[in-house]
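Enquirer: Sequence below, structure please.
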Amino acid sequence: MPPALMKFLQGPKDNLVDELFTPNFNKCKLYRRQTAFFQPSVFKSWGNSIKSIVDNETKLEILMAVSETNFKILNTINNLQTKEEKNKLLAKEANGFFEQCLGLSGATGDYQNRKRLIRYLYAKGQLEIKLCISCDENQENLSLSHNKLGYFLNESDGYISFSGSANESDSALMRHGEDLLVFDSKEAQDYESAKELKDALDKKWNESDPHNIVFKPTKEFIGKIKKISDIKDKKEALEITKEILEEMGVISHEEIELRDHQIKAIKAWDANGKRGILAHATGSGKTITALATIRSLRKSITNGSLVVLVGVPFIPLADQWLDQVDDFFGKDKKKEKYIFNGTIGCYSGQSNWNLEAEKELLLFQESLSRGEAHLSIIVVVNKTLSDNEEFNFLFNKTKINPDRLLIIGDECHRYALEKPRKALPEAKYKMGLSATPFNDVVKTEQEGEMDVFFGGVCDEYSLKDGIRDKHLCKYYYYPKECFLDEEEFFNWKEYLDKGDLNDEHLKDMEKIIDNS
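Expert: Have a look, this model is predicted:
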């Protein structure tokens with residue numbers, strides 16, 4: 001029998017989006033996929049296909065795995081005695097994963113349009129999400145599901161099946177060295193392989209594979225999404241899609257024009273010795289202010305070469321930074337003629353980030369030795385910063401000159417904790433971003449140390465200022481009620497009065513809240 005006509009796509013040499021996703025999203029009626037990760041940031045990797053998905057009402061069925069960041073949860077579940085206990089706890093945890101998929105947990109940040117659109121698709125039934133856990137044949141010992149496969153079902157009922165290493169993320173499909181095997185069911189020599197992949201995924205989706213446990217969102221969860229989804233119809237969804245494509249730079253829009261308060265903030269930071277905290281309200285454009293500062297600083301230093309380390313508390317916030325940095329400087333480098341190889345994300349879900357980061361910093365040093373202007377930007381999640389020895393050694397190993405290093409601490413109040421703050425490398429330039437740098441008028445000792453580290457508050461822009469100027473992006477508050485008994489209340493009040501940011505004290509307070 002002749003060999004199969006399958007395609008072997010290797011990123012980043014092959015553009016996985018252009019070769020596979022875009023042409024098939026434009027004509028398919030169903031996209032079924034098993035992947036470790038699925039979040040609103042996926043729209044970045046799908047690019048212009050989002051319009052086809054919304055316009056053609058393409059059905060999206062996503063079978064999501066438990067990512068490695070949730071490995072501890074599986075260990076806890078496996079230590080329970082009965083299958084009933086395990087399933088009960090797993091069902092409870094599943095809702096947390098679903099909330100993350102639809103942008104309900106983690107940082108608020110920017111990209112609200114992506115979250116709004118993904119909730120619209122879910123609320124109208126166009127998007128379905130399930131959680132898949134691998135298990136033994138008795139469905140007792142649970143493990144991470146690492147399978148990554150999918151297929152596009154066309155109007156003619158032909159289908160394109162694929163399998164490989166790529167997850168559903170911008171970094172996997174557009175930047176990293178991921179690969180995919182692709183089979184076309186309409187090609188005779190591909191048919192058996194295409195069908196085998198499709199059948200395997202269908203079996204899991206239909207909950208008939210004994211080696212996988214599948215969880216669906218509860219009726220309460222579905223009702224919650226329908227209640228908060230604020231896009232009323234397809235016409236509005238297409239308008240939001242256009243805005244998303246503009247935000248991502250997929251379709252052209254006017255160059256970002258800084259507002260008065262952003263220009264003032266950059267000048268204040270510069271006058272403060274190129275250090276300081278911007279105490280700007282949520283939704284007032286702190287990220288854009290920071291990007292414009294990077295652009296200005298790079299142009300002002302000798303040879304135009306700069307390394308930027310952005311520290312963030314959460315993975316969703318890191319994903320947002322990656323998208324926005326790549327969009328901003330991908331355009332700027334063409335105009336200003338300097339080297340920018342794309343942002344490196346150092347956190348779980350980013351393949352080989354340690355090797356990629358080291359390689360980028362060594363390339364920076366090579367450019368510097370040749371007299372070529374080079375901008376390197378690394379985004380790190382605080383957990384990696386605090387706990388990963390390999391990352392802590394990175395800047396010493398690559399001999400980055402502190403005089404060419406800018407540290408940006410997003411949600412910088414979190415660096416009041418000593419561990420992540422002391423893990424940051426030495427740097428001449430520092431910028432902190434926070435709507436609330438300090439919990440009270442009187443700073444705690446730890447807050448004072450954080451304040452000194454970043455160079456003090458150099459500019460303020462309050463919520464009142466943003467409302468007055470109409471310079472706030474749209475975002476939503478979701479209050480969560482918490483009821484304490486008398487003893488718990490006074491313990492909590494003592495904590496607030498003391499302002500103690502000790503890790504153990506924080507854990508005690510979290511237990512009080514969790515048990516309330």
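Enquirer: Remind me which helix or strand Q324 belongs to.
Expert: helix 315-336 (DSSP states H and E).
Enquirer: Packing partners of that helix?
Expert: Other elements packing on helix 315-336 under the criterion 3 or more C-beta pairs under 8 Å, 6 or more residues apart in numbering; DSSP states H and E are helix 170-174, helix 286-300, strand 306-312, strand 344-346, strand 375-381. Bear in mind the C-beta positions are built from the backbone N, C-alpha and C, glycine included.
Enquirer: Compare the ones you listed and say which comes out lowest on pLDDT.
Expert: Lowest mean pLDDT within those: helix 170-174, a mean of 55.
Enquirer: For the stretch 351-500 of the chain, which segments are assigned as helices?
Expert: For the stretch 351-500 of the chain, the helices defined by DSSP state H, counting those that start in this stretch cover 353-370, 382-387, 389-397, 418-423, 445-454, 463-469, 486-498.
Enquirer: mind giving me JSON lines with those helices and columns for distance to G342 and mean neighbour count?
Expert: Output for those, formatted as JSON lines (distance: least, C-beta to C-beta, whole Å; neighbours: other C-beta atoms under 10 Å):
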{"stretch": "helix 353-370", "distance to G342": "9", "mean neighbour count": "17"}
{"stretch": "helix 382-387", "distance to G342": "18", "mean neighbour count": "19"}
{"stretch": "helix 389-397", "distance to G342": "17", "mean neighbour count": "15"}
{"stretch": "helix 418-423", "distance to G342": "24", "mean neighbour count": "17"}
{"stretch": "helix 445-454", "distance to G342": "27", "mean neighbour count": "18"}
{"stretch": "helix 463-469", "distance to G342": "32", "mean neighbour count": "13"}
{"stretch": "helix 486-498", "distance to G342": "43", "mean neighbour count": "12"}
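Enquirer: Reformat those helices as TSV; add mean pLDDT.
Expert: Formatted as TSV, those follow (pLDDT from 0 to 100):
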stretch	mean pLDDT
helix 353-370	95
helix 382-387	89
helix 389-397	89
helix 418-423	90
helix 445-454	92
helix 463-469	90
helix 486-498	72
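Enquirer: who wins for proximity to Q320 among the helices and strands packed on helix 315-336?
Expert: Minimum separation from Q320 across those (C-beta to C-beta) falls at helix 286-300, 7.7 Å.
Enquirer: So for the closest one, what gets flagged as buried?
Expert: 286-295, 297-298 (16 or more other C-beta atoms under 10 Å).
Enquirer: between these, which is nearest D326?
Expert: L291 (10.8 Å).
Enquirer: number of nearby residues for the closest residue to the closest one other than its chain neighbours?
Expert: Distances taken as C-beta to C-beta, 6 or more residues apart in numbering place F328 nearest to L291, at 4.8 Å, with adjacent residues excluded. F328 has 22 neighbours, counted by other C-beta atoms under 10 Å.
Enquirer: Quick one, grab the pLDDT at F328.
Expert: Note on F328: pLDDT of 89.
Enquirer: F483 too?
Expert: For F483, the pLDDT comes out at 82.
Enquirer: Format the helices and strands packed on helix 315-336 as a markdown table; extra columns: distance to L363.
Expert: Converted to a markdown table, the helices and strands packed on helix 315-336 look like this (distance: least, C-beta to C-beta, whole Å):
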| stretch | distance to L363 |
| --- | --- |
| helix 170-174 | 18 |
| helix 286-300 | 16 |
| strand 306-312 | 11 |
| strand 344-346 | 11 |
| strand 375-381 | 8 |
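Enquirer: isn't the residue nearest to L291 right up against T293?
Expert: No: counting by C-beta atoms under 8 Å, F328 does not reach T293; the two are 11.5 Å apart.
Enquirer: ok so, going back, who wins for proximity to I231 among the helices and strands packed on helix 315-336?
Expert: Using C-beta to C-beta, the helices and strands packed on helix 315-336 put helix 170-174 closest to I231, at 22.6 Å.
Enquirer: following the closest one, which helix or strand shows up next?
Expert: Heading C-terminal from helix 170-174 (DSSP H and E), you reach strand 179-184.
Enquirer: tell me the mean pLDDT for that next one?
Expert: The model assigns strand 179-184 a mean pLDDT of 92.
Enquirer: Also stretch 237-246?
Expert: Rounded mean pLDDT across stretch 237-246 is 86.
Enquirer: any idea how far the helix holding Q324 is from the chain center?
Expert: Centroid separation between helix 315-336 and its chain, computed with C-alpha atoms, centre = their mean, to the nearest Å, is 13 Å.
Enquirer: need the contact list for F221.
Expert: Contacts here follow C-beta atoms under 8 Å, 6 or more residues apart in numbering; on that basis F221 touches 95, 98-99.
Enquirer: would you say it is within a strand?
Expert: No: applying DSSP: H, G, I helix; E, B strand; the rest coil, one finds F221 to be helix, outside a strand.
Enquirer: What confidence value was assigned to it?
Expert: 87.
Enquirer: Quickly note the distance from it to W321.
Expert: 28 Å (C-beta to C-beta, to the nearest Å).
Enquirer: C28 now?
Expert: Counting by C-beta to C-beta - C28 and W321 are separated by 31 Å.
Enquirer: Same question for L484.
Expert: According to C-beta to C-beta, L484 and W321 sit 36 Å apart.
Enquirer: Which one of those two is surrounded by more residues?
Expert: W321 (24 against 15).
Enquirer: my read: the more buried one touches V381, true?
Expert: No: the pair W321 / V381 is not scored as a contact, 10.2 Å apart, by C-beta under 8 Å.
Enquirer: shared neighbours, those two?
Expert: When contacts are counted by C-beta under 8 Å, 6+ apart, W321 and V381 are jointly contacted by V312.
Enquirer: re earlier: right, so of the helices of the stretch 351-500 of the chain, which gets closest to R116?
Expert: R116 sits nearest to helix 463-469 of all the helices of the stretch 351-500 of the chain, at 20.0 Å, using C-beta to C-beta.
Enquirer: Which residues does the closest one contact?
Expert: Under the criterion C-beta under 8 Å, 6+ apart, residues 259-261, 281-284, 435, 471-472 lie in contact with helix 463-469.
Enquirer: Report the buried residues of the helix or strand containing K92.
Expert: Take DSSP H and E as the rule and K92 turns out to sit in helix 83-101. Within helix 83-101, the residues that count as buried by 16+ other C-beta under 10 Å are 86-87, 90, 93-95, 97-101.
Enquirer: got it, and stretch 432-444?
Expert: Neighbour-count burial for stretch 432-444 flags 432-435, 437-438, 443-444 (criterion: 16+ other C-beta under 10 Å).
Enquirer: same check, this time on stretch 236-248
Expert: Quick answer for stretch 236-248 (16+ other C-beta under 10 Å): 237, 240-242, 244-245, 247-248.
Enquirer: Just those: which are in helices?
Expert: 237, 240-242, 244-245, 247 (DSSP state H).
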